[in-house]
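# got a structure for you, letters missing:
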């Protein structure tokens, strides 16, 4: 499936949003991530990896029934499209519609 890039100003969606930070590299295809702290993370969150406008930015949802635990967050089964290095900032988007 080809990747289709969508260009839109989503900056207002992350103004004041909680952020997470990857504690370990996350490979393309990964369905779980390790973060420094799961404070603010929950089921059905919408996550923005990297900053808006970054060529490798992507939006993905957390799993609908597996709550974050320890320092691990489970993502939807499709997994990540891009690889993201440790230290990547992840924004918890405030709205999904």
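The structure has been received and is ready for your questions. All figures in this text were calculated on a predicted structure; none of them were measured in a lab.
# now the worst-scoring helix or strand of the chain on mean pLDDT, how far from the centre of its chain.
Within the chain, no helix or strand scores below helix 11-14, which has a mean of 81 by mean pLDDT, DSSP states H and E. Chain-centre distance of helix 11-14: 14 Å, with CA atoms, centre = their mean, to the nearest Å.
# Past it, which element shows up next along the chain?
Counting by DSSP states H and E, the next helix or strand C-terminal to helix 11-14 is strand 19-21.
# partners of that following strand, with directions?
strand 89-93 (antiparallel) (DSSP bridges).
# what mean pLDDT would you report for the strand it pairs with?
The pLDDT scores in strand 89-93 average 95.
# Report the buried residues of it.
90-93 (16 or more other CB atoms under 10 Å). From N, CA and C alone the C-beta is placed, and that goes for glycine too.
# Columns distance to residue 23 on top of those residues, output as CSV?
As requested, the buried residues of strand 89-93 are arranged in CSV below (distance: CB to CB, whole Å):
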residue, distance to residue 23
90, 11
91, 16
92, 16
93, 21
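# just the residues you listed now: which is nearest residue 18?
residue 92 (4.6 Å; CB to CB).
# tell me the centre residue of the chain?
Per CA atoms, centre = their mean, the C-alpha nearest to the average position across the chain is that of residue 47, at 3.4 Å.
# Residue 51 contacts residue 58, correct?
No. With contact defined as CB atoms under 8 Å, residue 51 does not count as touching residue 58 (11.6 Å).
# what's the burial count for the closest residue to residue 89 other than its chain neighbours?
Using CB to CB, 6 or more residues apart in numbering and skipping the chain neighbours, the partner closest in space to residue 89 is residue 19 (5.5 Å). Using other CB atoms under 10 Å, the number of residues around residue 19 comes to 14.
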